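1. Sharing a model that was predicted from the sequence below.
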Amino acid sequence: MDEEKRRAYADRFRARIEEWEAKLDQLGARAKQAEADLRIRLADDESDLRQKIYEARDRLRELQAASGEGWDEVKSGAERIWTDVRAAWDRTSRRAAGEEDPPAPPPPPADGSGSGPS
């Protein structure tokens with residue numbers, strides 16, 4: 001191979017390397033953006049979870065102070081809070097793992113039916 005062909009080949013090879021380096025830079029930028037977006041979503045989820053835990057602590061105090069007829073109402077509210085905490089935790093865990101959120105399930109019946117034996 002003569003010198004001119006070698007130089008041309010080396011130039012094409014260098015151009016390919018530069019092209020792939022540019023693609024890698026773009027990929028890195030997209031990854032950083034996705035990472036930043038995930039951090040924002042997770043920070044929002046963490047805040048939501050902390051608020052729900054705070055509400056659960058309030059409900060615990062209400063449970064401890066409740067008596068008689070009020071107990072069942074407070075207990076029902078406490079169970080709803082716990083369901084909300086668990087759902088928020090599951091959502092946050094899925095997001096942290098990079099999974100998409102599934103569609104929201106329908107709300108439970110208001111009359112308490114379907115909640116199983118008590």
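-> Thanks, I have it.
2. right, and residue 53 touches residue 85 too?
-> Yes. If you go by Cβ atoms under 8 Å, residue 53 and residue 85 touch, sitting 6.5 Å apart. Quick note: C-beta positions are derived from backbone N, CA and C, even for glycine.
3. and the longest helix along the chain, what other elements does it pack with?
-> In the chain, taking DSSP state H as the definition, the longest helix is helix 3-65. Packing contacts for helix 3-65, counted by 3 or more Cβ pairs under 8 Å, 6 or more residues apart in numbering; DSSP states H and E, involve helix 69-96.
4. Residue 38 and residue 30: what is the separation?
-> 12 Å (Cβ to Cβ, to the nearest Å).
5. These two: who's more crowded?
-> residue 38 (13 against 10; other Cβ atoms under 10 Å).
6. Please report the number of neighbouring residues for the closest residue to that one other than its chain neighbours.
-> Closest residue in space to residue 38, ignoring its immediate chain neighbours: residue 95 at 6.9 Å, by Cβ to Cβ, 6 or more residues apart in numbering. Residue 95 sits with 16 neighbouring residues when counted by other Cβ under 10 Å.
7. Residue 37 is in contact with residue 95, correct?
-> No. Using Cβ under 8 Å, residue 95 is not in contact with residue 37; the gap is 10.2 Å.
8. Report the inter-axis angle for the helix-or-strand element of the chain with minimal mean pLDDT versus helix 3-65.
-> Every helix and strand of the chain was ranked by mean pLDDT, DSSP states H and E. The lowest is helix 69-96, at a mean of 83. Angle, helix 69-96 to helix 3-65, by axes from the mean of the first three to the mean of the last three Cα atoms, to 10 degrees: 170 degrees.
9. Tell me which other helices or strands helix 69-96 touches.
-> helix 3-65.
10. Please state the mean pLDDT value computed over the helix it packs on.
-> For helix 3-65, the mean per-residue pLDDT is 86.
11. Run the chain-centre distance for it.
-> Distance of helix 3-65 from its chain centroid, counting by Cα atoms, centre = their mean, to the nearest Å, is 13 Å.
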